[in-house]
Structures are given as C-alpha cells and as structure tokens.
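A.B. asks: Predicted model follows, preceded by the sequence.
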Amino acid sequence: VAMKLAFSATVWWVAHNASVGSEQGSGEGDAKKVAAPEISILSWAFILAAFGVQQVVMNVMFVSQMAFFAKVSEPRIGGTYMTLLNTIANLGAKWPSTLVLPMIDVASFGGADGYHIINVACTVVGVLWYLAMRQSVEE
C-alpha cells in the first residue's frame, strides 16, 4: 500500500510541477509544435528515489519468495520444482498489469486521471482482500 501511495504521489507531483514549454514556429505556414514538459532536477530526484525504494522492496520480496520455494521443494527435484513455482509466481504477477492497463483509458472520464482512479481501486481491493484473508496470511 505504501509503494502504491508513493508512486501515485510521484505521478501527481511530477505532473503538477512540470513546466510546459512554449509553442514553437517562426511564421505563417509553420506548423506549431508544443514542446515537451520540462521536468526539474528535484522531480527527477524524487522519481529516482521512489524507483530505488521499489527496487529494494522487489528484491527483498524475490529473495523471500525463493527462500519459501526452496523450503517447500522436494530435495531430489528441488531445482525443477523451484523453477515451476517461480514460473507460476511470475505468471501470477504479470497478468494483472495486462488486465489493468486497458482499464486506465476506461476509467479516464470527465477530466479525471484514470491512473489514480485505478490505483485507488486496486489498493482498496488489496486491503479488503488482506482483511478478509488476514487469518490465513498470518498463519
């Protein structure tokens, strides 16, 4: 939940603090191009720090997941079983993003940012799931 909030805050903060460039074009007939928003050094530092924290958390989760797989694997076929478990875990981790990314466009309406709407919805679902399965998770 903390990482979701951190990245949601990062997206919001960078979007609201980026300075928009001026229109370019020298005269009649020139196509006017809008310059890309300029992101300040502070914004880049904020993005880099959030990404760094995410990488640390992801590596901690990966190592703990591999330790769990090693613990439950049969010693004679441990490598093969660990590969199977890791493949299933990777597939389970990847399909939600494939499902959720198209929903961002659907959730963008009336000027609302679909990213934030989907982020809040997924966070609420995750918290509700944790509360419903708390006993099983803690055992």
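C.D. replies: Yes, it's here.

A.B. asks: Settle this for me: residue 123 is touching residue 6, isn't it.
C.D. replies: No: look at residue 123 against residue 6 with CB atoms under 8 Å: they stay out of range, at 11.7 Å. In this view, the C-beta of every residue, glycine as well, is placed from N, C-alpha and C.

A.B. asks: any idea how far residue 132 lies from residue 125?
C.D. replies: Look at residue 132 and residue 125: by CB to CB, to the nearest Å, they are 10 Å apart.

A.B. asks: whoops, I mixed them up, residue 17
C.D. replies: 30 Å.

A.B. asks: low pLDDT regions in this structure?
C.D. replies: The model of the chain has pLDDT under 70 over residues 19-36.

A.B. asks: can you rerun that using 90?
C.D. replies: Across the chain, residues meeting the criterion (pLDDT under 90) sit at 1-51, 53-54, 57-58, 66, 69-83, 90, 92-123, 126, 130, 135-139.

A.B. asks: Which stretches in it count as helices?
C.D. replies: 2-17, 41-72, 78-107, 114-132, 134-138 (DSSP state H).

A.B. asks: Please produce JSON lines containing these, extended by mean neighbour count.
C.D. replies: JSON lines is the format used below for the helices of the chain (neighbours: other CB atoms under 10 Å):
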{"stretch": "helix 2-17", "mean neighbour count": "14"}
{"stretch": "helix 41-72", "mean neighbour count": "12"}
{"stretch": "helix 78-107", "mean neighbour count": "12"}
{"stretch": "helix 114-132", "mean neighbour count": "13"}
{"stretch": "helix 134-138", "mean neighbour count": "8"}
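
A.B. asks: How far off centre is stretch 129-137?
C.D. replies: When distances are taken as CA atoms, centre = their mean, to the nearest Å, stretch 129-137 is centred 22 Å away from the chain's centroid.

A.B. asks: Kindly apply the preceding question to stretch 72-84 instead.
C.D. replies: Using CA atoms, centre = their mean, the offset of stretch 72-84 from its chain centre is 30 Å.

A.B. asks: how far does it stretch from start to finish?
C.D. replies: 12 Å (CA to CA, to the nearest Å).
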